[in-house]
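**Student:** I'll drop the sequence and a predicted model, then ask my questions.
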Amino acid sequence: MAARGNPAKAGKKGAPAGGAQEDVLDNGDRLEAAAQAALVIAEAAEREGEAAFSEIETPPVIIGGVPAHAFMEIDKATPARTGARAQPVSNTSLQAQRARSLNTGVPTETRKDMHRATKIVATIGPASTSPDILLQMLQAGLDVVRFNFSHGTADDHRQRAEIVREAARQVGREVAIMADLQGPKIRVGKFENNKTMLVAGNPFILDANCALGNNERVGLDYKDLPRDLRAGDVLLLNDGLIVLDVTRVIGEEIHTTVKVGGELSNNKGINRQGGGLTAPALTEKDMEDIKTAMSLGADFVAVSFPKNATDMEMARQLANIAGAPYGIKPKMIAKIERAEAIPALQGILDASDGIMVARGDLAVEVGNAAVPALQKRMIRMARESNKLVITATQMMESMIHAPVPTRAEVSDVANAVLDGTDAVMLSAETAAGKYPVTTIETMAAICIEAEKSEESQLDRDFLDRTFTRIDQSIAMGALFTAFHLGAKAVVALTESGSTALWMSRHWTHVPIFALTPRVSSERTMSLYRNVTPLHVDTNMDRDTALNQALEVVVSKGYAARGDMVVLTVGEPMGQAGGTNTLKIVRVGDHF
């Protein structure tokens, strides 16, 4: 795999005199190129149409020219080390690759020509539950499948998890599952006629004791809301489309005057401008949903509306307890949606494995204009803290109904990539949209184009840095060496994935391949920016393991004979956090 952009390196050695500018486009040209790429991809989408919702039989899904059902006979499990719990065979292991090749008679498909650093998270729903559609989504570049626990039953989620794991096995790579908890969404109750029309200047009452609403009042699902409010507060309903001024609070009744009116229907959300509501981050439903998530093998748990580090610590403790019978310790993602989470952001980062820039509810509380700068700040802080970051909400919203995105959406996705996000996320676009596959293809094309214009700031990143751990020092040394030597790839043998995480916090245009014997680590690393997780058996001596690692990378088409590769490994093998060796090799040379 050629290191994209490496010969020029924005003016570093290797750029031909007088010719570099012909190959370097400015950011505006890159965004326009991304827009054109999106349009080209979407031209065929009219044929996709209502396919996700129709009962018409779809043609067989093809992988590398072979029907997908031909991949169904691979062994599903293999024993782990002595005394360890049985683990599934990784979809990227040589064993699985060879099994697919033997079954089909064709070489294993590679992803050499489609390397993309930024990962894609997409929500599964009615439009994407079909095994064929989900398989096509994975082929299009989906890395992490989000389960929205605001909808569906426990059995629904378990069935979808089985579909995801089967689809991942068929495409030959591991895909992570993220369980996104509903959290304490504060909503109005139901209306007698399912809705009412609020007129600016008219009074309206939010009544905790009201069973069915009418034109004058409506109930509340969060009964303590009256105790959180006082005269002068501003309430934002239905994602800020309706605005109410609180005039007084009497007992269980919140008396308001409609400032901005509109149609208000059943169960619409309520936010207080500026935040400050006391609803706990974890509800009873969330606690039950965590148990469900662990039973289906979720790799990530996203916690909605955390206010501080304590909320995340409690969620992690509950998830670890629920996951213990299954041998699972999921990574915890904090969704930054509350205004009060902003001043507590560093503490939340320290207590989490990553954050989600959840721009919907956050924008309602802090105002739309404040969100872009907050997004950049959160991404920067997450990377500096060696944490993951996902950018979400309305990234390709128009593609729920249209086969092409708006130019503003193209720029939104591209700018998140340029900010350094690990992943960009799709919600209703893939859960309920008409074009789930095309949306992922389009988003992937935008990410690839945006990444071409990123400039590495590795030298600046390393200024005044102090490393206190040997494994972290090796990781940073490998990254720095690969960048300045123009290596084709960094190959890290890792147990936990920590080495790959540290490397992924810095952008170098040199792809990182993390080889691990643990399927759980492989799935987790599918969210790491610029990291391609692969499977390798490390129950062997160091040199044999390194040779097998190179064999995997070459077999996938990422490197060829004579290419320079930087390797990291730990001795003795098999210990998490034990990376202590760096080697620079040429593929094919003996070592």
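**Tutor:** That came in fine, so what should we check first?
**Student:** which parts of stretch 164-182 are buried?
**Tutor:** 164-181 (16 or more other CB atoms under 10 Å). The C-beta positions use only the backbone N, C-alpha and C, and glycine is treated the same way.
**Student:** residues near residue 525, how many?
**Tutor:** Residues within reach of residue 525, counting by other CB atoms under 10 Å, total 28.
**Student:** setting aside sequence neighbours, what's the nearest residue to it?
**Tutor:** residue 533 (3.9 Å; CB to CB, 6 or more residues apart in numbering).
**Student:** domain assignment for this protein?
**Tutor:** The record's domain split for the chain, according to automatic domain parsing, is 45-49+118-181+282-450, 71-104, 195-272, 457-586.
**Student:** quick one on the thing from earlier: just checking, which of the buried residues of stretch 164-182 belong to strands?
**Tutor:** Secondary structure defined by DSSP state E assigns 176-180 of the buried residues of stretch 164-182 to strands.
**Student:** and residue 582, that's in a strand?
**Tutor:** Yes: with DSSP: H, G, I helix; E, B strand; the rest coil as the criterion, residue 582 is assigned to a strand.
**Student:** didn't it look like it was pressed against residue 571?
**Tutor:** No: because the distance of 11.7 Å does not satisfy CB atoms under 8 Å, residue 582 is recorded as not touching residue 571.
**Student:** okay, the two: which has more neighbours?
**Tutor:** Looking at residue 582 and residue 571 with other CB under 10 Å, you find the greater number of neighbours at residue 582, namely 18 against 12.
**Student:** what residues are bridge-paired with the more buried one?
**Tutor:** Beta-bridge pairing of residue 582 under DSSP bridges involves residue 568.
**Student:** quick one: it from residue 470, how far?
**Tutor:** Residue 582 sits at a distance of 11 Å from residue 470 (criterion: CB to CB, to the nearest Å).
**Student:** same deal with residue 335?
**Tutor:** Distance, residue 335 to residue 470, using CB to CB: 34 Å.
**Student:** who has more neighbours, the two?
**Tutor:** residue 335 (25 against 14).
**Student:** spatially, which two of the ones in strands among the buried residues of stretch 164-182 are the most separated?
**Tutor:** 176 and 180 (12.5 Å; CB to CB).
**Student:** check contacts around the closest residue to residue 564 other than its chain neighbours.
**Tutor:** With sequence-adjacent residues excluded and distances taken as CB to CB, 6+ apart, residue 564 is closest to residue 487, at 4.6 Å. The neighbourhood of residue 487, defined by CB atoms under 8 Å, 6 or more residues apart in numbering, consists of 3, 481, 510, 563-566, 584.
**Student:** kindly recompute the last result at 6 Å.
**Tutor:** Residues in contact with residue 487 (CB atoms under 6 Å, 6 or more residues apart in numbering) are 510, 564-566.
**Student:** going by distance to residue 269, which of those residues wins?
**Tutor:** Using CB to CB, residue 510 comes nearest to residue 269 of those, at 44.0 Å.
**Student:** per-residue pLDDT, the closest one?
**Tutor:** With respect to pLDDT, residue 510 has a value of 89.
**Student:** count the residues that sit near it.
**Tutor:** Other residues lying near residue 510 total 27 when counted by other CB under 10 Å.
**Student:** and it, which helix or strand is it part of?
**Tutor:** Assigning secondary structure by DSSP states H and E places residue 510 outside every helix and strand.
**Student:** where are the low-confidence patches of the stretch 451-591 of the chain?
**Tutor:** Segments of the stretch 451-591 of the chain classed as low confidence (criterion: pLDDT under 70) are 458-459, 461-465, 538-540, 572-577, 591.
**Student:** cool, and the stretch 201-350 of the chain?
**Tutor:** In the stretch 201-350 of the chain there are no weaker segments when pLDDT under 70 is taken as the threshold.
**Student:** which stretches in it count as helices?
**Tutor:** Ranges of helices within the stretch 201-350 of the chain are 225-228, 284-295, 309-323, 345-351, based on DSSP state H, counting those that start in this stretch.
**Student:** looking at those, which is nearest to residue 153?
**Tutor:** Taking CB to CB as the measure, these were each checked against residue 153, and helix 284-295 came out nearest at 9.0 Å.
**Student:** which strands and helices lie in contact with the closest one?
**Tutor:** Counting contacts by 3 or more CB pairs under 6 Å, 6 or more residues apart in numbering; DSSP states H and E, the secondary-structure elements packed against helix 284-295 are helix 309-323.
**Student:** the helix it packs on vs helix 284-295, what angle?
**Tutor:** For helix 309-323 and helix 284-295, the angle between their directions (axes from the mean of the first three to the mean of the last three CA atoms, to 10 degrees) works out to 50 degrees.
**Student:** only alpha carbons, please: show helix 309-323 as PDB.
**Tutor:** This file holds the C-alpha atoms of helix 309-323, laid out as PDB (Å, rounded to 0.1, in the frame of the first residue of the first chain):
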ATOM      1  CA  ALA A 309     -16.900  11.800  35.100                       C
ATOM      2  CA  THR A 310     -19.000  10.100  37.800                       C
ATOM      3  CA  ASP A 311     -21.700   9.300  35.300                       C
ATOM      4  CA  MET A 312     -19.200   7.600  33.000                       C
ATOM      5  CA  GLU A 313     -17.500   5.700  35.900                       C
ATOM      6  CA  MET A 314     -20.900   4.400  37.000                       C
ATOM      7  CA  ALA A 315     -21.800   3.300  33.500                       C
ATOM      8  CA  ARG A 316     -18.400   1.500  33.100                       C
ATOM      9  CA  GLN A 317     -18.900  -0.300  36.400                       C
ATOM     10  CA  LEU A 318     -22.300  -1.500  35.400                       C
ATOM     11  CA  ALA A 319     -21.100  -2.600  31.900                       C
ATOM     12  CA  ASN A 320     -18.100  -4.500  33.400                       C
ATOM     13  CA  ILE A 321     -20.400  -6.300  35.800                       C
ATOM     14  CA  ALA A 322     -22.900  -7.200  33.100                       C
ATOM     15  CA  GLY A 323     -20.200  -8.300  30.700                       C
END
